[in-house]
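Asks: model this:
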Amino acid sequence: MTRLAFLWDQSKCVSCGACIASCNAANYSSSTLPNPLWNWIRTNIKRIELNSERPMIYLLQCQHCERPPCVTVCPTGASYKDTSTGLVKINYDLCIGCRYCVVACPYQARWFDGVIWAPRKCMGEECQDRISRGMRPVCVEVCPANARDFGDLDDPNSSISKRLAASRYIKLLENMGTEPKYFVVVGP
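Replies: Residues are numbered from 1 along each chain as shown. You can find the predicted model right below:
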């Protein structure tokens, strides 16, 4: 079985925004139209800035959950889990733009695109095409600090499996029962 997943290493991230810019360029043709829900550019990576004693950022995107609530609430089956990859996807031919999936996502990783009248999320079409050709998503490819990774959790020789085995990591909102496949490395 294949279970593709993302890793973001918070301890290596230099907050350059290359992943965000590359997502915008690859999946939205460098559009300057906004992502109105996030008050940000059109991208599938949400940058969250926490201003506390020690300022930090979080990069958030679709968690590609094992038990995705967005799929459960979709009345048409447009949101679905791809059985060959384990990734959560949207079939835009079936989507009616009801936004149930946007509301159901506990990570707020989906946003509604008024141009196509449908939700958007990671992975965009360009990144899905890259994955189908055996390449990595563009956000992983461009990261200058090697803070991102992507691969098969069921392959012990994959780079993501090796990095997880050698790291301390968290999964966001694990208590929600979604079984997210987006790992945040917090240290060695």
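
Asks: The residue nearest to Thr178 when sequence neighbours are not counted and Asn157, how far apart?
Replies: Leaving aside its chain neighbours, Thr178 sits nearest to Cys65 (4.0 Å; criterion: Cβ to Cβ, 6 or more residues apart in numbering). Glycine gets a C-beta too; all of them are placed from N, C-alpha and C. According to Cβ to Cβ, to the nearest Å, Cys65 and Asn157 sit 24 Å apart.

Asks: So which of these two has more stuff around it?
Replies: The residue with more neighbours, out of Cys65 and Asn157, is Cys65; 25 against 8, by other Cβ atoms under 10 Å.

Asks: Give me the secondary structure label for the most far-flung residue of the chain relative to its centre.
Replies: Distance from the centre of the chain peaks at Glu53, with 27.7 Å (Cα atoms, centre = their mean). Three-state assignment for Glu53 (DSSP: H, G, I helix; E, B strand; the rest coil): coil.

Asks: Show me the helices in this structure, by range?
Replies: 18-28, 69-73, 100-104, 125-132, 138-142, 159-165 (DSSP state H).

Asks: So which of those helices is nearest Ile90?
Replies: Comparing the helices of the chain against Ile90 with Cβ to Cβ, the closest turns out to be helix 100-104 (7.8 Å).

Asks: Could you tell me the end-to-end distance of stretch 128-143?
Replies: The straight-line separation of the ends of stretch 128-143 (Cα to Cα, to the nearest Å) is 18 Å.

Asks: Pull out the buried residues from it.
Replies: For stretch 128-143, burial by neighbour count (16 or more other Cβ atoms under 10 Å) applies to Gln128, Arg130, Ile131, Arg136, Pro137, Val138, Cys139, Val140, Glu141, Val142, Cys143.

Asks: Rebuild these as a markdown table, extending it with pLDDT and distance to Asn175.
Replies: Shown next, in a markdown table, are the buried residues of stretch 128-143 (pLDDT from 0 to 100; distance: Cβ to Cβ, whole Å):
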| residue | pLDDT | distance to Asn175 |
| --- | --- | --- |
| Gln128 | 94 | 30 |
| Arg130 | 96 | 33 |
| Ile131 | 94 | 29 |
| Arg136 | 96 | 30 |
| Pro137 | 97 | 27 |
| Val138 | 97 | 31 |
| Cys139 | 97 | 27 |
| Val140 | 97 | 27 |
| Glu141 | 97 | 32 |
| Val142 | 97 | 33 |
| Cys143 | 97 | 29 |
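
Asks: which of the residues you listed lies closest to Leu59?
Replies: The closest of the buried residues of stretch 128-143 to Leu59 turns out to be Cys139 (Cβ to Cβ; 8.7 Å).
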